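Q: structure for the following, please:
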Amino acid sequence: MIATILLSFGVLFLAELGDKSQLMALTFALRYHWWVVLSGITVASLLVNLIAVGVGHFLGAALPTAVISLCAAATLIAVGLWTLRETLPSNSGEEDREIAPQPNSRSAFLVVLSAFLLAELGDRTMFATMALATKNGWVAVWIGSVAGMVAAGALAILIGVTVGKHIPERFIAVCSGLLFLYFGALTLLEAFAHGLGTPAIAVLSLALPALAGGVLWLLHRAATVPASSVTEHGSAEQVPAAPHEVQ
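A: Predicted coordinates:
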């Protein structure tokens, strides 16, 4: 059993390195408290790997990955748009207000949990767990898979927390929103356009965050130009009159 746990841990940990899920963990760590992100990843790992070992050991069948991928893509895109919405200039013109992390830990936990759960269902790591469960004890595979997935997520969270201390909050929010849009587009194309190949899908997925970034830049520019015009107009009105005009 110990050998199976170590095998499952190694396979899942290596499979998660550089994977979409680990990048999501890093992105979430830039926006939310680290313990909230780690808790969401842990619960999602427990659930998704339990499903994987159950399917692999008892059923040997596959899940409807297309529908799951569509739900995951919609969730990631929604989170990305909501994050970018927080960076928009307010109606009061307070451009320099800080973008604070999500104050509601419960809602942040649900966002992380749902995003990871949907992203991992049908992912390559899930199929790896299913394959291990067909030939080994499902309990040992489940324990090792959960430990490997959580360890990879914790490594990404550590990087995110370390990097986030030296980056402005608004910049973090914009980058997080654009990354979520990229992951959503990537998940969608991987499910429904896998015939294009991985490099083409990775490049095409950049279209959505690029479009959103352009719109965000235009909105910020439109908000700052009138403000600067008002400032210049007010300064012009305060210029003192010449002496002969006063007389």
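
Q: just checking, which helix or strand of the protein averages the lowest pLDDT?
A: helix 243-246 (a mean of 50; mean pLDDT, DSSP states H and E).

Q: just the pLDDT for residue 47.
A: For residue 47, the model assigns a pLDDT of 91.

Q: what ranges does this protein have for its helices?
A: 2-16, 20-31, 34-54, 65-85, 105-120, 124-135, 138-164, 169-192, 198-204, 207-237, 243-246 (DSSP state H).

Q: now mean neighbour count too, for those, in CSV please.
A: Heads up, the C-betas are built off the backbone N, CA and C, glycines and all. CSV is the format used below for those (neighbours: other CB atoms under 10 Å):
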stretch, mean neighbour count
helix 2-16, 18
helix 20-31, 24
helix 34-54, 21
helix 65-85, 19
helix 105-120, 20
helix 124-135, 21
helix 138-164, 21
helix 169-192, 21
helix 198-204, 13
helix 207-237, 12
helix 243-246, 7
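
Q: out of those, which gets the lowest mean score?
A: Minimum mean pLDDT among the helices of the chain: helix 243-246, a mean of 50.

Q: could I get the contacting residues of residue 82?
A: By CB atoms under 8 Å, 6 or more residues apart in numbering, residue 82 lies in contact with residue 177.

Q: could you tell me how far it is located from residue 76?
A: 11 Å (CB to CB, to the nearest Å).

Q: kindly report the same for residue 224.
A: 30 Å.

Q: and the nearest residue to residue 72 once chain neighbours are set aside, what does it touch?
A: Nearest residue to residue 72, sequence neighbours excluded (CB to CB, 6 or more residues apart in numbering): residue 118, at 3.5 Å. Contact partners of residue 118, counting by CB under 8 Å, 6+ apart, are 68, 71-72, 75.

Q: ok, and what's touching stretch 203-213?
A: Applying CB under 8 Å, 6+ apart, the contact partners of stretch 203-213 are 77, 80-81, 84, 174, 177-179, 181-182, 184-186, 189, 193, 196.

Q: 10 Å instead?
A: Contacting residues not belonging to stretch 203-213 are listed as 77, 80-81, 84, 174-175, 177-190, 193, 196-197, 216 [CB atoms under 10 Å, 6 or more residues apart in numbering].

Q: and it, how far out from the chain's middle?
A: Centroid separation between stretch 203-213 and its chain, computed with CA atoms, centre = their mean, to the nearest Å, is 15 Å.

Q: stretch 125-138 now?
A: Here the centre of stretch 125-138 is set off from its chain's centre by 27 Å, with CA atoms, centre = their mean.

Q: okay, stretch 2-15 in CSV with CA atoms only?
A: Only the C-alpha atoms of stretch 2-15 are listed here, as CSV (Å, rounded to 0.1, in the frame of the first residue of the first chain):
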residue,chain,number,x,y,z
ILE,A,2,2.8,2.4,0.8
ALA,A,3,4.4,1.8,-2.6
THR,A,4,1.1,2.5,-4.3
ILE,A,5,0.7,5.8,-2.3
LEU,A,6,4.2,6.9,-3.3
LEU,A,7,3.6,5.9,-6.9
SER,A,8,0.3,7.9,-7.1
PHE,A,9,1.9,10.8,-5.3
GLY,A,10,4.8,11.0,-7.7
VAL,A,11,2.6,10.6,-10.8
LEU,A,12,0.1,13.3,-9.8
PHE,A,13,2.7,15.7,-8.5
LEU,A,14,4.7,15.5,-11.8
ALA,A,15,1.6,15.7,-13.9
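
Q: understood, closing this out.
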